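Enquirer: Build me a structure from this.
(2 chains)
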There are 2 protein chains.
Amino acid sequence: MEIDGMLLTILGISAGILILTGWIEQIYKGYKTKSLKDISKFLMIFISAGAILWLIYGVIVSDVFIIGTNITAIVLMMIVLAMKRNYDRLSKTNQI
Amino acid sequence: MEIDGMLLTILGISAGILILTGWIEQIYKGYKTKSLKDISKFLMIFISAGAILWLIYGVIVSDVFIIGTNITAIVLMMIVLAMKRNYDRLSKTNQI
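Expert: Alright, predicted model coming up:
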């Protein structure tokens, strides 16, 4: 049981770190290219809504990894969404 | 306890559906515009790796929603990644 607990901890932390690394890489790529037009804003809206539900789920089952990963993911996705809005607007202004 | 179980079921299914709808929308958008160059391939690689760990986590804690959501998410992300490779290659060919 002790090993299972440790394994779950390692799995939960690693999974969280990997998912967050992915979003940070996306933020970095978007920042570098100043373009996020190929990313669907609905991708981020739907995933964020899903993450909010996962967050509630995590609170009910008292799972700290589900809670932590989802809070951080929501924040990072909001950043990507805000960047996308900015870059999309800039790109439209430049085309006029 | 019964209500909690039902609430968890509804939360788990809804969260899963939202996340999957987000990726399907992304696939649709990519298919329409034939361009996914703004999406970081590392986003999908890292999130898929994270989802594989979540999957193992879900198997250990016997959580059918974690398992289902992550399997489907991995499949959808692999589709986006394959489409991105294709479109990126096409776009390079066109530029030459």
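Enquirer: list the contacts for the residue most central in space within chain A?
Expert: Closest to where the C-alpha atoms of chain A average out (C-alpha atoms, centre = their mean) is A:A73, at 3.1 Å. Neighbouring residues of A:A73 by C-beta atoms under 8 Å, 6 or more residues apart in numbering or on different chains: A:19-20, A:23, A:47-48, A:51. For the C-beta atoms, the positions are set from N, CA and C on the backbone; glycine is no exception.
Enquirer: Same check on A:S14?
Expert: A:S14 neighbours (C-beta under 8 Å, 6+ apart): B:50, B:53.
Enquirer: again, but for the one 4 residues further on
Expert: With contacts defined as C-beta under 8 Å, 6+ apart, A:L18 is in contact with B:46-47, B:49-50, B:53.
Enquirer: Out of the residues you listed, who's the most crowded?
Expert: Highest neighbour count within the contacts of A:L18: B:I47, with 26 neighbours (other C-beta atoms under 10 Å in any protein chain shown).
Enquirer: Reduced to three states, what does that one come out as?
Expert: helix (DSSP: H, G, I helix; E, B strand; the rest coil).
Enquirer: how about the helices in chain A?
Expert: Listed in chain order, the helices found in chain A under DSSP state H are A:2-33, A:41-60, A:64-95.
Enquirer: just those helices: most buried one?
Expert: helix A:41-60 (a mean of 20; mean count of other C-beta atoms under 10 Å in any protein chain shown).
Enquirer: From chain B, how far out is A:N94?
Expert: 16 Å (C-beta to the nearest C-beta, to the nearest Å).
Enquirer: Quick one, grab the pLDDT at that residue.
Expert: Per-residue confidence at A:N94 stands at 76 (pLDDT).
Enquirer: Surely A:I71 is in contact with A:L55?
Expert: Yes. The pair A:I71 / A:L55 is scored as a contact, 6.4 Å apart, by C-beta atoms under 8 Å.
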